[in-house]
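Engineer: build me a model from this:
(one chain, ligands or ions: 1)
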Amino acid sequence: MTPTTSDAALNGNIAGKVVVITGASSGLGEATARYLAERGATVALGARRAERLQALVHEITTRGGQAFAFATDVTDAAQVQRLVDAAVERFGRIDVMLNNAGLMAHSPLERRKIDDWDRMIDVHIKGVLYGIAAALPYMQKQNGGHFINVSSVAGHKVGVNNAVYAATKTAVRVLSEGLRQEVKPWNIRTTVISPGAVATELPNSVTEPDIAEGIGQFYETYAVPADSFARAVAFAISQPDDVDINEILFRPTRQVL
Ligand SMILES: NC(=O)c1ccc[n+]([C@@H]2O[C@H](COP(=O)([O-])OP(=O)(O)OC[C@H]3O[C@@H](n4cnc5c(N)ncnc54)[C@H](OP(=O)(O)O)[C@@H]3O)[C@@H](O)[C@H]2O)c1
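Structural biologist: Numbering: from 1, shown residues only. Purely as a prediction, here's the structure:
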């Protein structure tokens, strides 16, 4: 029997692409950088922890891949622009902008964790917008490109303790859909990926110890490895240029919520 989805099919249209990834110093971004580089993509990595990025660049290039990194705080539009400009200067173009940086500072609203609210709004909403602002002019000039924005199951469903996180992840979906409709004239694709529980450092970003404990247990029980996300990214990128995968929502098979 001929397989319908082979590794070869998944790897098509990835090799040679220049992919900028925010939040590449751990978790989903790191796993995706590795996965795409192994399949011939050139990856430009941004996050605040420069030493983690450099270690990943070293690992990828030692294996024969192409990668570089720039310390980037996505809450600063100029830094995101610098990352994208550097990728284009170095590699001549940008094919994919993966707006992935994030944190999960869950807490009940009545605790008034305003710093946590601000950080989630700044990283998830402004960070994604700054990624769009930085990459869009290049993609328009190229007459092609691909934005992949990371939402969450929480962008589809709000729950107790995650109102602000869910609001910002809903905003990512709304921005992605608006972008999708606007960028048709330039052959630009837009994908929003909404993962369920995936094993990363994300639970460490919960600042309230009692909430962190519950989330830690949930992740220990349900979370699937980060390459689940990397495969979803690869699936979207690897489609022929006239196919635009707009939404991917996935959960661990055992996850109910
Ligand atoms: N894991 C899950 O279960 C899950 C589920 C749904 C959605 N998500 C989403 O997936 C994305 C990636 O999270 P993850 O699970 O991989 O968690 P993670 O391991 O904690 O990674 C988060 C990444 O975001 C970066 N980041 C945070 N604030 C940043 C800032 N201001 N500027 C630049 N980079 C920043 C971190 O790097 P630095 O600290 O070095 O800056 C890190 O590389 C997030 O948007 C998250 O909301 C994850």
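
Engineer: residues in contact with the residue nearest the centre of the chain?
Structural biologist: In the chain, the residue lying closest to the centroid (C-alpha atoms, centre = their mean) is residue 100, at 2.5 Å. Applying C-beta atoms under 8 Å, 6 or more residues apart in numbering, we find residue 100 in contact with 21-24, 28-29, 32, 148, 150. Just so you know, the C-beta spots here come from the backbone N, C-alpha and C atoms, and that holds for glycine as well.

Engineer: tell me the pLDDT of it.
Structural biologist: If you check residue 100, the pLDDT there is 98.

Engineer: same question, residue 9
Structural biologist: 52.

Engineer: same check on residue 96?
Structural biologist: 98.

Engineer: now residue 257
Structural biologist: Here the pLDDT value assigned to residue 257 is 89.

Engineer: for the helix or strand where residue 165 lies, buried residues please.
Structural biologist: Element membership for residue 165 (DSSP states H and E) is helix 163-182. Across helix 163-182, burial judged by 16 or more other C-beta atoms under 10 Å covers 163-173, 175-176, 179-180.

Engineer: which residues does the residue of the stretch 51-200 of the chain found nearest the ligand contact?
Structural biologist: For the stretch 51-200 of the chain, the residue closest to the ligand is residue 102, as judged by C-beta to the nearest ligand atom, at 2.1 Å. Residue 102 sits next to 23, 120, 123-124, 127, 150, 202 when contact means C-beta under 8 Å, 6+ apart.

Engineer: which SS state does residue 43 fall under?
Structural biologist: strand (DSSP: H, G, I helix; E, B strand; the rest coil).

Engineer: tell me the contacts of it?
Structural biologist: By C-beta under 8 Å, 6+ apart, the residues touching residue 43 are 19-21, 24, 33, 36-37, 60, 65-67.

Engineer: next step: those residues restricted to helices.
Structural biologist: Among these, DSSP state H puts 33, 36-37, 60 in helices.

Engineer: mind telling me what element residue 16 is part of?
Structural biologist: Per DSSP H and E, there is no helix or strand for residue 16.

Engineer: which two in the contacts of residue 102 are spaced the farthest apart?
Structural biologist: 127 and 202 (15.1 Å; C-beta to C-beta).

Engineer: still on that earlier bit, got the phi and psi for the residue nearest to the centre of the chain?
Structural biologist: phi -120, psi -20 (degrees, to the nearest 10).

Engineer: that one and residue 212: what is the separation?
Structural biologist: Distance from residue 100 to residue 212, counting by C-beta to C-beta, to the nearest Å: 22 Å.

Engineer: ditto for residue 130
Structural biologist: Residue 130 is 28 Å from residue 212, by C-beta to C-beta.

Engineer: which residue packs closest to residue 77, ignoring adjacent ones?
Structural biologist: Among residues not flanking residue 77 along the chain, residue 130 sits closest, at 4.3 Å (C-beta to C-beta, 6 or more residues apart in numbering).

Engineer: tally of neighbours for the one you found?
Structural biologist: Neighbourhood size, residue 130 [other C-beta atoms under 10 Å]: 25.

Engineer: surely it is in a helix?
Structural biologist: Yes: Residue 130 sits within a helix when classified using three-state DSSP.

Engineer: what about residue 161, which helix or strand?
Structural biologist: Going by DSSP H and E, residue 161 is not in any helix or strand.

Engineer: likewise residue 146?
Structural biologist: Element membership of residue 146 [criterion: DSSP H and E] is strand 145-150.

Engineer: ok and that strand relative to helix 163-182, angle-wise?
Structural biologist: 160 degrees (axes from the mean of the first three to the mean of the last three C-alpha atoms, to 10 degrees).

Engineer: which helices and strands sit right next to strand 145-150?
Structural biologist: strand 96-99, helix 127-142, helix 163-182, strand 188-195, helix 227-238 (3 or more C-beta pairs under 8 Å, 6 or more residues apart in numbering; DSSP states H and E).
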